[in-house]
Every structure is written in C-alpha cells, then in structure tokens.
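**Q** just need the structure, nothing else, for what follows:
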Amino acid sequence: MIKIIFAVTNDIVTDNRIHKIAYTLTSNGYSVTVVGRMMKNSINLDNRPYKTHRFKMWFNKTFLFYSNFNLILFFYLLKAPVDIIVSNDLDTLLACSLASKIRRKKLVFDSHELFTELPELVSRPFVRSIWKLNEKLLLPGVKFGYTVSKPIQDYYKNKYRKDFLLVRNASMFRREQGFRYIPENLVIIYQGFINVGRGLELMLNTLHLLSNVNLWIVGGGEIVSELKELAKNLHVEKQVVFWGRVRLEELAEITSQAHIGISLEEDLGLNYRYALPNKLFDYIQARIPVIVSDLPEMKLLVTDYKIGCVLEERTPDSLAAIIKNLQSDLKSQEEIFKNLEFAARELCWQKEEEKIIGLYHDLSSQIGGHIS
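**A** Below you'll find the predicted structure:
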C-alpha cells in the first residue's frame, strides 16, 4: 500500500485542508499519516480515519521553534515507512526536501498560503529575508505541488516555472440548509486564526452602531487577549462571544447557526491580497451571506456568485451600513440564498478532490506501489 506522510507545524486539530486531503486519500486506499506538533492546549484527535503523530517541542516560538520542528521532523522522516512525503507550506519544506532526497522518495508541496508574504514577516525584514532565501533554495527542487488560489499559482509559475495544481480550500458539500431571513437579533461570525490584519478590530469598533447584533469569534491566535481587552474598552463585550478553538466537527454546526459571515482581512501584503480563505467556503456551505474585504480573490468570488457584499471603505460607518442593508432588504436576502445554494454545489470539496486523487494516482503509478 502507498504510504503518505503529511507534515504541518500546527497541532492538526483545526487544519481543515489537511483533514480533507488526508480523508480523501484514506478513502481512496492510501495509508496516510499526518505529522504535527503537540501544544499545551491541544485537543485530542479522536475519530480520525487516518494516523496522526504530534511532536513535543523544546521551543514553541521564533526561529528556535522552526529549527526544532524541522530537526525532529527530519529524523522522523528518515526512519518512518513512507513512499510520498508532503510538505505543507514553506515552514516544513527543509526537512521534507532533505529526507526525500536522502531516501529517494517523492516530494509534494502544498502551499496553503504565500508564506514569505505573511503580515508577521512583512514587518520583520531580516526574518523575512531568511524565509525568502529558504524559498529560493528549496522551491526549484520541488516537482509536484498544489496551492489554494490562482494568484499564488501564478506566483510559482512566474518565479520558479512551477506548474502547481489549483486546489481551492472548498468545504465538504452540505445538503440545503433551508432559507432563513436575517432576524432582528442577528449573529455575525468570524472563524479562523485570530492574528494581525484579520479585520476583527474594525468589526468590534462597528458593534456600537448596531443594535441587537452579536459577534461570534471562533478560533485561537496571537491577539485574542488584545481583542477581549478592546471589546471591554469599547463597552461591547456583552455582544461578543469568544468560542476559542473547536473541533472541526463542531465548527460546521456553530457556523450554520450564524446569519452573516465575515472575512475582512487587511491588505498587508501579497498573502492576504491573494487569499481565498477556507472560512468563505464554510460560510457558503452554511448558506449564510458573506461580507469580505475589497481584495481581488475574495471580491471576485463574492461578485461572481453574488453571495454577499464587498466592503470598499474600511470604516465602522460603512460596515454598519452594509450589515443594516442586508438585514432590511428581504428581496436581496432571498436572491443571495438562491445564489448560495448554487455556489454550495459548485464550490465544494467533492469537486476539488478529483485533482488530488489524480495527482496521487499518477505518483503511485510512478512508484509502482498499490492502493488497497
């Protein structure tokens, strides 16, 4: 049986993309192991149909963490039974590249984002230069890969002449949820990492302009404490629920109870500009209207499928006006719901996974192994 190891630097729990790909390949007869790290607040990985392994780290921050992780990962990959090694993002590529060369195994690169353009790196030129050097040295050696959006795909094509597949981060198709008008007491949801530039400060500053509106923030990240403090200072803490990190199985149920989904990333570099976040596809499957930033990929998705609104002016007044208009325009709500139903059938994982199955089938044929 073809054995595949996926490497990620997170704790696997909320990595929806990894879960979907690992689930798809397991269902198609591959032996899959997902390798990540154990954190203090990591939730148990119950009922996963594939194997998981999480490293305990000596360091959990700065370059020491990445060095620590890649060192442990490298020695793990030298010994583990494997036919295909999959590096998820640039921060695992060094160990995966070295191990694949030494053991003469197939290497696949899954670029979840444009790593060197992360806001956390854009503001730190020296650290960013190191990651850019890593990319420059390692990417030319990658033969097989896929990524999440057309601009990132074009980036690798133009810079490294790599023909990576486009595998969007679409969610599993969910049956029709049933039309619901947006009520007077509405819930706005944000799900995902809670880091710099996600537009949550803007949303909090908008809440005092909206009556009977609650904000659900689902996920964990670096600025949770700061956002809680900001909510208190703005006297809107009673309107905000911080769910923390939840299991993937719970996330869909929580999202389906909300009425509007937001993805308000700031233009803090190419990574956000090129982003097509997983949460947008989750909102679509929950059949809730979305409000997104005026960034190319998100804007294109929303305007093409007519499933929500684009925030062109990043002010509380402008955001509040969009929310109120959505809430009051019943005809528009009905039209958006019809469009969401169409989008849910078009933009689902069941269509995207065909590309994944095709790629790994071709690699398996080259290896000469078998699929159970």
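**Q** the closest residue to Val167 other than its chain neighbours and Glu352: what is the separation?
**A** Using C-beta to C-beta, 6 or more residues apart in numbering and skipping residues adjacent in sequence, the residue nearest Val167 is Tyr146, 4.4 Å away. Glycine gets a C-beta too; all of them are placed from N, C-alpha and C. Distance, Tyr146 to Glu352, using C-beta to C-beta, to the nearest Å: 10 Å.
**Q** got any residues that touch both of these two?
**A** When contacts are counted by C-beta atoms under 8 Å, 6 or more residues apart in numbering, Tyr146 and Glu352 have Val167 as shared neighbours.
**Q** so the residue nearest to Val167: helix, strand or coil?
**A** strand (DSSP: H, G, I helix; E, B strand; the rest coil).
**Q** please, which helix or strand holds Ile188?
**A** Counting by DSSP states H and E, the element that carries Ile188 is strand 186-191.
**Q** what lies in contact with the helix or strand just after that strand?
**A** For strand 186-191, the succeeding helix or strand toward the C-terminus, using DSSP H and E, is helix 200-206. With contact meaning C-beta under 8 Å, 6+ apart, helix 200-206 is reached by 188, 190, 194, 215, 217, 223, 227, 230-231, 234, 236, 240, 262, 264, 314, 316, 319-320, 323.
**Q** in helices, which of those residues appear?
**A** Under the assignment DSSP state H, those contribute 227, 230-231, 316, 319-320, 323 to helices.
**Q** what segments of this structure are strands?
**A** In the chain, the segments counted as strands under DSSP state E are 3-7, 31-38, 51-56, 84-88, 106-111, 144-147, 165-166, 186-191, 213-218, 240-244, 260-263, 290-293, 308-311.
**Q** run the chain-centre distance for stretch 235-242.
**A** 25 Å (C-alpha atoms, centre = their mean, to the nearest Å).
**Q** do me a favour and get the end-to-end distance for that stretch?
**A** 15 Å (C-alpha to C-alpha, to the nearest Å).
**Q** for that stretch, list every residue counted as buried.
**A** Going by neighbour count (16 or more other C-beta atoms under 10 Å), the buried part of stretch 235-242 is 236-237, 239-240, 242.
**Q** below-threshold pLDDT in this structure: ranges please.
**A** Residue ranges of the chain with pLDDT under 70: 369-372.
**Q** most centrally placed residue in this protein?
**A** Closest to where the C-alpha atoms of the chain average out (C-alpha atoms, centre = their mean) is Asn278, at 4.6 Å.
**Q** hang on, isn't that residue packed against Arg168?
**A** No: look at Asn278 against Arg168 with C-beta atoms under 8 Å: they stay out of range, at 9.2 Å.
**Q** for the nearest residue to Glu120 once chain neighbours are set aside, which residues are in contact?
**A** Excluding its sequence neighbours, the residue lying closest to Glu120 (C-beta to C-beta, 6+ apart) is Val196, at 6.7 Å. Residues near Val196 by C-beta under 8 Å, 6+ apart: 119-120, 222-223, 268.
**Q** turn the buried residues of stretch 235-242 into a markdown table, including distance to Arg37.
**A** Formatted as a markdown table, the buried residues of stretch 235-242 follow (distance: C-beta to C-beta, whole Å):
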| residue | distance to Arg37 |
| --- | --- |
| Val236 | 35 |
| Glu237 | 32 |
| Gln239 | 35 |
| Val240 | 29 |
| Phe242 | 23 |
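**Q** shouldn't Leu268 be in contact with Pro119?
**A** Yes: in this structure Leu268 lies within contact range of Pro119 using C-beta under 8 Å: 4.0 Å.
**Q** what is in contact with those two at once?
**A** Contacts common to Leu268 and Pro119, judged by C-beta under 8 Å, 6+ apart, are 196-197.
**Q** contact partners for Lys101?
**A** Gly141.
**Q** what of Tyr155?
**A** Contacts of Tyr155 by C-beta under 8 Å, 6+ apart are 114, 270, 274.
**Q** which members of the residues you listed are positioned in helices?
**A** Leu270.
**Q** can you list contacts of the strand holding Ile188?
**A** Residues contacting strand 186-191 (C-beta under 8 Å, 6+ apart): 198, 200, 203, 212-219, 251, 254-255, 257-264, 279, 282-283, 288, 323, 327.
**Q** where exactly do the helices run in the stretch 1-150 of the chain?
**A** According to DSSP state H, counting those that start in this stretch, the stretch 1-150 of the chain carries its helices in the segments 16-27, 62-79, 93-103, 119-122, 125-138, 150-160.
**Q** relative orientation of the longest one and helix 93-103 in degrees?
**A** Orientation check (axes from the mean of the first three to the mean of the last three C-alpha atoms, to 10 degrees): helix 62-79 against helix 93-103 gives 20 degrees.
**Q** from Asn70, how far out is the nearest residue to Gln366 once chain neighbours are set aside?
**A** Setting aside the residues directly before and after it, Gln366 is nearest to Lys106 in space (C-beta to C-beta, 6+ apart), at 7.3 Å. Between Lys106 and Asn70 the distance is 19 Å, computed by C-beta to C-beta.
**Q** buried residues in stretch 45-63?
**A** Here stretch 45-63 shows 45, 50, 52-55, 57 as buried, counting by 16+ other C-beta under 10 Å.
**Q** greatest separation within these: which pair is it?
**A** Tyr50 and Met57 (22.1 Å; C-beta to C-beta).
**Q** picking up where we left off before, in TSV, list the buried residues of stretch 45-63 along with distance to Lys162.
**A** What follows is those, written out as TSV (distance: C-beta to C-beta, whole Å):
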residue	distance to Lys162
Leu45	32
Tyr50	27
Thr52	29
His53	29
Arg54	30
Phe55	29
Met57	31
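**Q** having no further points to raise, I will conclude here.
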